[in-house]
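Predicted model, plus sequence, below.
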Amino acid sequence: MRQNLLQKVFIFTFVIIATWSCEKDDICATSTPTTPHLIILFNDINAPDAAKNARRLSVRGFDANNVEISEQIIANIDTDSIALPLRFEGETPTTSRFILEKDTDFFLDDDPLTNSNIDIITVNYTPEFVYVSQACGYKSIFTNLSISVEPDADNWIFNSEVLNITVENETQAHIILRH
């Protein structure tokens, strides 16, 4: 009888410990912030604080080997802001390059007064991995943000400004490009 009671206590204790040590099944909520995109605003060079649409804008990127990617990130839109993905290769200083083409003539009716104009921007930053939760894992944030516009004979982007050197979320702009 006493052995039967010890068995029951042992089994009860084992079940309690096993249940307590189990982790709940987490599902990463869609509202949980993930790796943010770089938010770029376009402003008027003549009124630096005023938004100005980049007309018929298309954006492509470069891969890690600095080879142009043919797939467009953004295709032929009028906009005063864009969100671009940043690459990461561990927690070392990294560069992402983008081709910003204004007045994209891909679907135009051959308007002779409108010529497309390409500028290339280079964004430098350091990725950092931040633990979110067991269900969501890690996300990246990007610190030490800087930007440059490659000079050419006909730049349409005249000025750039970094507003936030850390890309932690998509609720605020990180860079302003003036044209």
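Happy to help now that I have it. Remember, predicted model here, so these are calculated numbers, not experimental data.

Could you use CA atoms for every contact and neighbour count after this?
Fine.

Next one: the residue nearest the centre of the chain from residue 99, what distance?
For the chain, residue 37 is the residue whose C-alpha lies nearest the centre (Cα atoms, centre = their mean; 1.8 Å). For residue 37, the distance to residue 99 equals 16 Å [Cα to Cα, to the nearest Å].

ok, for the residue nearest to the centre of the chain, nearest residue in space, not its chain neighbours?
residue 85 (4.8 Å; Cα to Cα, 6 or more residues apart in numbering).

The one you found and residue 39 touch, don't they?
No: Residue 85 is beyond contact range of residue 39, at 9.1 Å (criterion: Cα atoms under 8 Å).

Out of these two, name the residue with the larger neighbour count.
Using other Cα atoms under 10 Å, the more surrounded residue of residue 85 and residue 39 is residue 39, with 20 against 13.

That one: what's it in contact with?
Residue 39 sits next to 81, 82, 83, 84, 170, 172, 173, 174, 175 when contact means Cα atoms under 8 Å, 6 or more residues apart in numbering.

Return a selection command, for use in ChimeraX, containing the buried ones of these.
A single ChimeraX command selects the buried members of the contacts of residue 39 (16 or more other Cα atoms under 10 Å):
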select :81,82,83,84,173,174,175
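
what are the ranges of the helices in this structure?
Along the chain, the stretches classed as helices by DSSP state H are 2-21.

Please list the residues outside the lengthiest strand in it that contact it.
Counting by DSSP state E, the longest strand found in the chain is strand 117-133. The contact list for strand 117-133 (Cα under 8 Å, 6+ apart) reads 88-104, 137-152, 154-157.
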